[in-house]
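Visitor: Quick one: sequence plus predicted model below, questions after.
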Amino acid sequence: MDYKIYEDIISQRMKAARFRHSKNVAKEAIRLAKKYGADPDKAELAGILHDATKETEADEQMKLIAKAGIQLSTLELESPKLWHAISGSAFVQVELGIEDQEVIDAIRYHTTGRAGMTLLDKVIFIADFISADRDYEGVDRMRKIAEKSLDDAVLEGMAFTIADLAERKLTIAPDTFAGYNEFAAMKARTKK
């Protein structure tokens, strides 16, 4: 399927602001992919599709997840904020027929990160953090880090996520802790 067709499909599934965000993430993902050696076409595709189900009703998300054969953990079931990444990965498989596991995983882990992230996972995780429409406190710092090191940006993003969720007394995905610990340990090894 042509990229433009995916963009048209996505534009029908979300409000204008979310669609602009998705286009910004795709644009930033291409830039990061070229900078760090990932496949820019896959980055663009995962970027435009990463929030495909963000505005989808909860019951429809659950149907997509079930249809894709994905089993949610108890924590995932109790954390609706995580659903759109999981149901989004299901949507691209079930509804769009995308079979590229790297693209599917980049969508699934774009909010949590994980241990063993692929280069594409990292690109989409950070593109979502620093896309042109982002304006949270600390985004400029995150953009500067991303210019110097993708791995450092991922570590910073995970630390930001953990601190933010802990401050709000919300659950934190085990994948985020696992990813944080892996990147922190890697950073500590390089300082020796």
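Guide: Perfect, thanks for sending it.

Visitor: At the geometric centre of the protein, which residue do we find?
Guide: Against the mean C-alpha coordinate of the chain, by C-alpha atoms, centre = their mean, the closest residue is His110 at 1.4 Å.

Visitor: per-residue pLDDT, that one?
Guide: On the pLDDT scale, His110 is placed at 98.

Visitor: Do I have it right that it meets Ala85?
Guide: Yes: using C-beta atoms under 8 Å, His110 is in contact with Ala85, at 5.6 Å. Where C-beta positions appear, they are placed from N, C-alpha and C, glycine not excepted.

Visitor: Quick one: distance of the helix or strand containing Arg143 to the chain centre.
Guide: Under the criterion of DSSP states H and E, Arg143 resides in helix 139-148. Put simply, helix 139-148 sits 17 Å off its chain's centre (C-alpha atoms, centre = their mean, to the nearest Å).

Visitor: Okay, buried residues for stretch 25-43 please.
Guide: By 16 or more other C-beta atoms under 10 Å, the buried positions in stretch 25-43 come out as 25-33, 36, 38-40, 42-43.

Visitor: Of the residues you listed, which belong to strands?
Guide: Assigned to strands by DSSP state E, none of the buried residues of stretch 25-43 qualify.

Visitor: mind checking the SS state of the residue nearest to the centre of the chain?
Guide: With DSSP: H, G, I helix; E, B strand; the rest coil as the basis, His110 sits in coil.

Visitor: Now for it: which residues touch it?
Guide: The contact partners of His110, by C-beta atoms under 8 Å, 6 or more residues apart in numbering, come to 46, 50, 85, 121, 124-125, 128.

Visitor: gap between it and Leu82?
Guide: For His110, the distance to Leu82 equals 11 Å [C-beta to C-beta, to the nearest Å].

Visitor: cool, and Ser22?
Guide: 18 Å.

Visitor: the more surrounded of the two?
Guide: Ser22 (25 against 21; other C-beta atoms under 10 Å).

Visitor: which residues sit in contact with that one?
Guide: Counting by C-beta under 8 Å, 6+ apart, Ser22 makes contact with 10, 14, 47-51.

Visitor: Turn those residues into TSV, including secondary structure, neighbour count and pLDDT.
Guide: Output for the contacts of Ser22, formatted as TSV (DSSP: H, G, I helix; E, B strand; the rest coil; neighbours: other C-beta atoms under 10 Å; pLDDT from 0 to 100):
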residue	secondary structure	neighbour count	pLDDT
Ile10	helix	21	95
Met14	coil	18	96
Gly47	helix	31	98
Ile48	helix	23	97
Leu49	helix	29	98
His50	coil	30	98
Asp51	coil	24	98
